[in-house]
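>>> Sequence and predicted structure, then a few things I'm wondering about:
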Amino acid sequence: MFLNCHTYYSLRYGTIDTKELLKLGRSHGAISMALTDINNTSACLDFVRLSKSYNIKPVLGVDFRNGADQQFILLAKNNIGFQNINSYLSEILHSKSEVPTVSPNLYGTVTIYPFSKSNNINLKEDEFIGIRPNELNKLKFSKWKEEKKKLVVLWTVSFQNKKCYNAHRLLRAIDNNILLSKLSLSEQGSPDHTISDVNNILSHYKEFPYIVSNTYRILNSCIIDFDFSSETPNNQESYTGNTSLDFKLLEKLTYDGLAYRYPNVEDQILERISKELTIIKEKGFVSYFLINWKILKYARSKGYFYVGRGSGANSIIAYLLRITDVDPIELDLYFERFINLYRKNPPDFDIDFSWRDRDDITDFIFKRFKHTALLTVYNTFQYKASVRELGKVFGLPKLEIDKLSSGQYNYNHLDKLSRLVVSYSQLIQGFPNYLGIHAGGIIISEKPIHYYTSTFIPPKGFATTQFDMVVAEDIGLYKFDILSQRGLGKIKEAVEVVAYNQPDKPPIDIHDIKRFKEDKQIKDLLRNAKAIGCFYVESPAMRMLLKKLRVDNYLGLVAASSVIRPGVAKSGMMREYILRYRNPERRKDAHPVLRDIMPDTYGVMVYQEDVIKVAHYFGGLTLGEADMLRRGMSGKFRSRAEFQKVKAQFFKNCEKAGKEEVLVKDIWRQIESFAGYAFAKGHSASYAVESYQSLFLKAYYPLEYMVATINNFGGFYRTEYYVHEARLHGGNIEAPCINNSRSQTIIEGKNIYLGFMFLHSLESNTISHILAERDKYGNFKSMDDFIDRVSISVEQIKILIKINAFRFTGRNKRELLWEAHMKINKISFEEHVVTLFKQERITYKTPNLPNTNLEDAFDEMELLGFPLSSPFNLLSEPITSVLKARHLPKMIGKMVSICGYMVTIKNTSTHSGKRMHFGTFLDVLGDFIDTVHFPPIAKKYPFRGKGIYEITGKVMEEFDCISIEVSKMEKLPIISDPRYNDKALAS
């Protein structure tokens, strides 16, 4: 009876999730249901996969609408029909056109027109009119009353009950960006679009039994079949067009790669190659390797830097094909973590590219491989966003919306409307709001993409699926991860900057990782955690961990890269790892089984492989069950019954083996804490390789590396701190200059000129005109010369004058501002035209208006976001404390007062849910101060934005790391803006 059912993937319309729809159908007597979401197929494959559990025959289709206005429904009679529906919907979505009033009558499909739209329709074969119960009386007087074979039951299911119908109306108001009171009936469904018992539906049509029989006939004729149990991937089956040739090519490429990677080929290497090739072939993953190889061969041909990471780094084949740069033999990487005979899904390669190069790689993939699409992500309503959207729909004032979204309210003190906002925001929380793009997931399938899903075109310009990566994996479509990362952009650009700033230096081989691992200067940077700007090792937490672990070698950094992850920290094992690392005696506390399994990490689970080993050797799980556990650890499948089944088996096996219950529970707690967070060892090793590349550049070319870091918009910190770091390394920081700066930051010797692109509100067209004119005709000789040669508005030249970009003239910028106002037409200006004779400009006599360094600092803060001089110079009263960060190690256990410029805050919660903070500050000399703010202090002395704080507290030391346990904190006032004070205005 249910030919027109919606889930909440009928975006901003439906309110039922996929499982609940099936559950409702089963409880109301349905034996078959048609899922027909509005212009969407996101839930289709999941609906088919889940339907067996509810003994419901699935039928797939799409409800084609313009807004809420239903035009027709298309149902798939078979898989080809579903493909045709997907292709048709994709055409509409790609072109962003309206749905036509007439169905395309596609092969393998059934069309159902709503009775209200049937007046001018000439029905073809497999086209029908849907009759709602309230339309039966109208049918008696309609031309369709004699067309008995063309009439079917149209019972729409969009929401569960009255409250969900109200939520539907709110979603429609959000979708139309209007107040709920302005929502028209035409933009919403009917309150009776809820599910009902099949017998109740039949009773409405008892006078029209042929309508019921027609409906059953359609449901019976539609047969959809997708295999979710097959272990054979549905990715592109063959790279060359022949699977035998594929394997021969993979073999050849593997052995060809030996000379590049291994000067001395030992038996261990050859045995590993043979083992991996056998399993890769048996599992059908040959084309997956070759496609990745082809993508990266193209990247190398274009000179693009990349890092291959993920569990793929456990493979020697991947290493030899140059997909990864991690030697699995050196690190004794656990190949079974990557591929084993029990693993259903293929290996996981995460390929990082510079953010500048990634789009070209994506374009290459789409052009090179036939059936390609990006993967979507479901962007869902989160609490704060829901409150804001619903607050606007109900017409609440901004202050009230802000209060509700912050959570700082007493529900009992709220008025009726505010309570409704809170109630319905909780109801729609987790509903899909719109379809986005996965960070890097691309699928390349054997069959056309539309065999599985419709696609849409986001601003990126590439066809994107309507289902996410979890559904894709369920059906055997495994993604290629083509990711963007600024760290690689920094490394690549730094090499280029060194080449132009120090041309006498030999070319840098940034891939000489073996040399970097032994470099003394790099070891020193690691040991002392002086790694600002360096990939993955610059954050305050990582800086402190490196000190605690005294890391100065590659393997130590690999471990640190994984120990820092939330899974290890949450389990309490990060601290235990540090203790065992520093104190060999404490290593004896590890359980003997765990110590035998993980000798390198002292019996502490650090990597995903460790968790799998513990599950297999300690918990008695088979490799197949351990692989299920691995999938559970990814966070994607955690709610699934399979994961719970593995958990039960783990405890059952341990009980049977006579292991202590307390120990078993503690080990399982550690395993669970890894969910969604654990790194594979190869993944950590890949990160460490990139860290070493950036550390090398920081050690030997710190200024060039900071320039590249600034141009790639930093990393963990704001641009200001990388400018500060460059100054600490001897760089002379210059504001943007008309005659020296480019769009990006550049370096000349030790002089670093900040780029025009960092000036707030300076338009890209202005920058382009300045650079084109300067490159063609040479430097500017004066501001008059600049105005003659560059067409520019007074608003744009004011930005340049205020940042002192005309300082080469030697003239005061206040005078220049006066002249600019006099000489530039505020209304219009023409493009510069080269003339034979230069016209003399009128010279105006300007008043004497000197400006100060403090005024410059405030202009810099306005235009760059930070002052180029020390922020401590802006305090209304100079600091009296002589204490610096370097003095703190000698004051452990003492109360101190010290001033620091806030760098960053890490917000966290205690076990009881109370807020606390970890702060990072710079002292007046530019050294770090680390602070801890426990809940009572965090509440009493909150952070009040950027600025300089006087911090009072006790100096604490743990594992050689110094921090201040804050007891009081006060933000220090800065001087009033001298540009707008009374004296300046009087002038």
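Sure thing, it's come through.
>>> Contacts only, for Tyr777.
Arg789 (C-beta atoms under 8 Å, 6 or more residues apart in numbering). C-betas here are computed from N, CA, C, even on glycine.
>>> so what's Phe934 up against?
Counted by C-beta under 8 Å, 6+ apart, Phe934 has contacts 916, 965-966.
>>> Same question for Lys117.
70-72, 101.
>>> That one and Tyr88, how far apart?
Separation of Lys117 from Tyr88 (C-beta to C-beta, to the nearest Å): 18 Å.
>>> What is the three-state secondary structure of Asp327?
coil (DSSP: H, G, I helix; E, B strand; the rest coil).
>>> Who wins on neighbours among the contacts of Phe934?
Val966 (21 neighbours; other C-beta atoms under 10 Å).
>>> Dihedrals phi and psi, the most centrally placed residue in the chain?
Closest residue to the average C-alpha location of the chain: Ala439 at 5.2 Å, with C-alpha atoms, centre = their mean. Here is the backbone geometry of Ala439 (degrees, to the nearest 10): phi -50, psi -30.
>>> Could you find the closest non-adjacent residue to it?
Leu483 (6.1 Å; C-beta to C-beta, 6 or more residues apart in numbering).
>>> about what we covered before: format the contacts of Lys117 as a markdown table; extra columns: distance to Trp144 and pLDDT.
Formatted as a markdown table, the contacts of Lys117 follow (distance: C-beta to C-beta, whole Å; pLDDT from 0 to 100):
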| residue | distance to Trp144 | pLDDT |
| --- | --- | --- |
| Gln70 | 17 | 95 |
| Gln71 | 18 | 96 |
| Phe72 | 15 | 96 |
| Thr101 | 17 | 93 |
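>>> tell me which of the residues you listed is nearest to Gln382?
Proximity of those to Gln382 (C-beta to C-beta) peaks at Gln70, which lies at 30.1 Å.
>>> what's the closest residue to the closest one other than its chain neighbours in contact with, if anything?
Nearest residue to Gln70, sequence neighbours excluded (C-beta to C-beta, 6+ apart): Pro114, at 5.2 Å. Contacts for Pro114 were tallied using C-beta under 8 Å, 6+ apart; they are 70, 72, 129-130, 132, 154.
>>> Name the spans of the stretch 551-700 of the chain whose pLDDT lies under the cut-off.
567, 569-571, 627, 630-642, 674-678 (pLDDT under 70).
>>> re the thing from before, confidence-wise, which of the contacts of Phe934 comes last?
Lowest-confidence member of these: Met916, scoring 92 (pLDDT).
>>> just checking, that one touches Thr908?
Yes: using C-beta atoms under 8 Å, Met916 is in contact with Thr908, at 5.9 Å.
>>> pLDDT value on Ala313, please?
pLDDT, read off for Ala313, is 76.
>>> any idea how far Gln608 is from it?
12 Å.
>>> Could you tell me which residues touch both of the two?
The contact lists of Ala313 and Gln608 share Ala680, where a contact means C-beta under 8 Å, 6+ apart.
>>> Compare those two (neighbour count), which wins?
Ala313 (33 against 27).
>>> got a list of what that one touches?
Here Ala313 is in contact with 319, 324, 326, 328, 333, 680, 682-683, 685-686 (criterion: C-beta under 8 Å, 6+ apart).
>>> Could you find the closest non-adjacent residue to it?
Ala313 sits nearest to Gly682 (C-beta to C-beta, 6+ apart), 2.8 Å away.
>>> Pull out the buried positions in the strand or helix carrying the one you found.
Using DSSP states H and E, Gly682 sits within helix 681-700. The neighbour-count check on helix 681-700 (16 or more other C-beta atoms under 10 Å) flags 681-699 as buried.
>>> helix or strand right after it?
Downstream of helix 681-700 (by DSSP H and E), the next one is helix 702-711.
>>> And the contacts of that following helix?
Residues contacting helix 702-711 (C-beta under 8 Å, 6+ apart): 489-494, 496-498, 501-502, 533, 694, 697-698, 715, 719, 722-723, 725-726, 729-731, 744-747, 750, 752, 754-755, 758.
>>> And stretch 957-965, by the same measure?
Contacts of stretch 957-965 (C-beta under 8 Å, 6+ apart): 544, 547-548, 550, 578, 582, 888-889, 892, 896, 898, 929-932, 934, 951, 953-956.
>>> No further questions, thank you.
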